[in-house]
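[1] Predicted model follows, preceded by the sequence.
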Amino acid sequence: MNRIMQPKYEIIIYWSEQDQSFIAEVPELAGCMADGKTYQSALKNVEQIISEWIETAQITGRPVPEPKGRLKYA
């Protein structure tokens, strides 16, 4: 049975002047990011991308990192 996983990864959302949209990045999942014209749409989009990232990793046999929660930056 394939369970739908609720994302528990840290998501960083910021405004990109260059893209004229909000960018949502998931630092723990390499290359996992999405955009949206609003903060809420960027968040919704990246939640879908997280699910797809995890599904693709499982299909291809890549490890899926356990969520660590809030990351610390220097």
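    Right, received. Where do you want to start?
[2] how about the nearest residue to the residue minimising distance to the centre of the chain, chain neighbours excluded?
    Geometric centre of the chain, nearest residue: residue 26, 4.0 Å, by CA atoms, centre = their mean. For residue 26, ignoring the flanking residues on the chain, the nearest one in space by CB to CB, 6 or more residues apart in numbering is residue 32 at 4.0 Å. Placement of C-beta: from N, CA and C, glycine included.
[3] ok, that neighbour - contacts?
    Residues in contact with residue 32 (CB atoms under 8 Å, 6 or more residues apart in numbering) are 25, 26, 46, 49, 50, 53.
[4] If you rank these by neighbours, which is first?
    Neighbour counts for those (other CB atoms under 10 Å) peak at residue 46, which has 27 neighbours.
[5] can you give me the strands in the chain?
    All strands of the chain, identified by DSSP state E, fall at 12-16, 21-25, 33-36.
[6] Dump these into JSON lines; add mean pLDDT as well.
    Formatted as JSON lines, those follow (pLDDT from 0 to 100):
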{"stretch": "strand 12-16", "mean pLDDT": "97"}
{"stretch": "strand 21-25", "mean pLDDT": "98"}
{"stretch": "strand 33-36", "mean pLDDT": "98"}
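[7] In JSON lines, list those along with distance to residue 57.
    Formatted as JSON lines, the strands of the chain follow (distance: least, CB to CB, whole Å):
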{"stretch": "strand 12-16", "distance to residue 57": "20"}
{"stretch": "strand 21-25", "distance to residue 57": "17"}
{"stretch": "strand 33-36", "distance to residue 57": "15"}
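[8] Ok, which of those strands comes nearest residue 61?
    Closest approach to residue 61 among these is made by strand 33-36 (22.7 Å; CB to CB).
[9] which residues does the residue nearest to residue 39 when sequence neighbours are not counted bridge with?
    Closest residue to residue 39 apart from its sequence neighbours, by CB to CB, 6+ apart: residue 22 at 5.2 Å. Beta-bridge pairing for residue 22 (DSSP bridges): residue 15, residue 36.
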